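Chemist: sequence plus the predicted model coming up.
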Amino acid sequence: MKVHKLLFILFFSCFAFMASAQTESQLRKKKEAIEREIEQLQRNLNKTASGKKLTLQQINAINAQIRLRQDKIGTINSEIKNLDNQISQNTNTVHTLQGQLGDLKKEYAGMIRFAQRNRNSYDKMMFIFAAKDFNQAYKRIKYLQQFSQYRKKQAGYIENTQQDLNGKIKVLDKTLKEKSTLLREQEEERARLGKDKSQQSVALSKLTKQERQFKQDISSKKREQQQIDRAIRAAIQRAIEEARRKAAEEARLAAAKAAAEARAAEAKAKAENKPVPKTNTAPATKEKTTSELLTATPETARLSAGFENNRGRLPWPVATGSITERYGLHKVDLASYTNDGVDITTNDGATVRAVFAGKVVMVQNIMGRTAVVISHGEYFTVYQNLRGVSVSVGNSVDTKQAIGSVANTGDDAILKFQIRRGQSTLNPEAWISK
């Protein structure tokens with residue numbers, strides 16, 4: 001029973017270790033990804049720091065870097081918590097193994113003392129010959145044999161338990177060292193976060209001095225974006241109107257076919273001197289919603305459903321990058337503006353790829369910036385600030401197919417990415433993979 005209990009404890013501790021190791025691996029990967037994003041943002045900031053003029057991209061990059069550092073500290077905290085659980089489990093296992101080892105040693109000591117008292121052959125022979133009959137003598141012989149075998153097994157159990165105990169103590173020491181390393185890393189990251197916040201304070205102070213110029217820059221960007229957004233909405237509206245035109249044409253053809261069939265039935269009835277069948281007047285067709293229009297065919301319905309089913313799992317439109325401006329309303333000092341998507345800072349010339357299969361409905365150059373819109377049933381993805389576009393209107397594209405590259409129109413290479421359902425904008429962070 002004690003051996004079974006020991007095996008159960010070892011099995012449970014191994015299972016817990018495997019589960020924690022998996023979590024530890026996931027946390028390590030997440031931390032490494034955050035570190036890559038921070039490094040890329042820092043390179044961009046170093047490149048633009050020499051400029052006297054403060055830009056919105058610099059402020060967004062600093063804010064994004066602070067957010068990433070906070071995420072990294074949170075990830076390190078999760079790693080430390082995970083290690084604390086492992087330390088607790090391993091400490092309990094060590095105590096249990098030490099208790100089991102003590103019990104096994106006590107039992108073994110008792111057997112050794114018994115063996116010492118009955119160590120000569122004469123005593124063993126007297127023990128056997130003192131039996132009252134042959135059957136009892138045989139049982140005593142078997143007992144002495146089994147006792148010897150059991151003593152050897154107990155010695156093996158003691159040795160194995162000692163090895164397991166030594167192994168667990170080594171794992172515990174290693175885990176404690178890892179925790180110590182993580183605590184140092186956490187302190188270093190907090191110091192870097194403090195420097196980033198100081199840099200943010202300096203940037204905001206600089207912003208106050210350049211307030212007038214900064215507001216003019218934001219107003220200019222808002223006008224440019226409004227022009228691009230009008231073109232995007234127009235392209236989506238054209239796609240909706242084209243779907244409506246097709247639906248109306250199908251309804252007209254269906255009505256014409258029904259009328260022709262009714263006339264043929266009437267002519268046949270008259271020729272055979274039979275009563276003319278009554279024709280049912282079709283009720284007025286209910287006007288379809290935008291969603292119904294954009295998913296009217298099996299292909300568009302399949303695309304739309306596939307896009308929706310991949311919510312939270314869509315690939316990023318670039319292989320590497322950081323979200324430096326999020327979806328929604330933004331306020332910088334007294335100026336404010338709305339971003340209908342997200343800004344992804346990446347490498348200059350980075351390849352832009354479609355996040356899902358679909359059909360290109362717009363490729364348009366506006367004020368030196370090319371925008372591409374791809375239809376996925378009732379969903380649309382928008383890619384702005386491109387150069388070297390490799391697709392044209394009407395082309396079908398596959399998931400992760402290259403459609404162009406990111407242009408550097410200022411201090412950084414920034415892809416502006418949107419997701420829309422019809423004309424309504426959606427937050428891309430809820431759709432692309434974490």
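Modeler: Structure's in. What do you need?
Chemist: quick one: buried residues of stretch 177-191?
Modeler: 178, 179, 182, 185, 186, 189 (16 or more other CB atoms under 10 Å). To be clear about C-beta, it is placed using only N, CA and C from the backbone, and glycine gets the same treatment.
Chemist: could you give the mean pLDDT of it?
Modeler: Throughout stretch 177-191, pLDDT has a mean value of 79.
Chemist: ranges for the strands of the stretch 201-350 of the chain?
Modeler: Per DSSP state E, counting those that start in this stretch, the stretch 201-350 of the chain carries strands over the ranges 322-325, 328-332, 335-339, 342-346.
Chemist: quick one: the ones you listed as TSV, columns for distance to residue 359, mean neighbour count and mean pLDDT too.
Modeler: Output for these, formatted as TSV (distance: least, CB to CB, whole Å; neighbours: other CB atoms under 10 Å; pLDDT from 0 to 100):
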stretch	distance to residue 359	mean neighbour count	mean pLDDT
strand 322-325	27	23	87
strand 328-332	28	13	78
strand 335-339	26	14	77
strand 342-346	23	24	90
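Chemist: tabulate the ones you listed (a markdown table), appending distance to residue 398.
Modeler: What follows is the strands of the stretch 201-350 of the chain, written out as a markdown table (distance: least, CB to CB, whole Å):
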| stretch | distance to residue 398 |
| --- | --- |
| strand 322-325 | 24 |
| strand 328-332 | 31 |
| strand 335-339 | 28 |
| strand 342-346 | 21 |
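Chemist: which stretch among those comes nearest residue 315?
Modeler: Across the strands of the stretch 201-350 of the chain, residue 315 has its closest neighbour in strand 342-346 (12.5 Å, CB to CB).
Chemist: the closest one - which strands sit beside it in the sheet, and in what orientation?
Modeler: Sheet pairing of strand 342-346 (DSSP bridges) gives strand 322-325 (antiparallel), strand 413-421 (antiparallel).
Chemist: relative orientation of the longest one and strand 335-339 in degrees?
Modeler: If I follow you right, that is strand 413-421. Here the directions of strand 413-421 and strand 335-339 differ by 60 degrees (axes from the mean of the first three to the mean of the last three CA atoms, to 10 degrees).
Chemist: and strand 413-421, C-alpha only, in CSV?
Modeler: Output of strand 413-421 as CSV, limited to C-alpha atoms (Å, rounded to 0.1, in the frame of the first residue of the first chain):
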residue,chain,number,x,y,z
ALA,A,413,6.7,52.4,-42.1
ILE,A,414,3.1,52.2,-40.9
LEU,A,415,0.3,50.0,-42.3
LYS,A,416,-3.2,51.3,-41.6
PHE,A,417,-5.5,48.2,-41.4
GLN,A,418,-9.3,48.1,-41.1
ILE,A,419,-12.0,45.5,-40.9
ARG,A,420,-15.5,46.4,-41.9
ARG,A,421,-18.9,44.6,-41.9
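Chemist: what average pLDDT does it get?
Modeler: On average, strand 413-421 scores 92.
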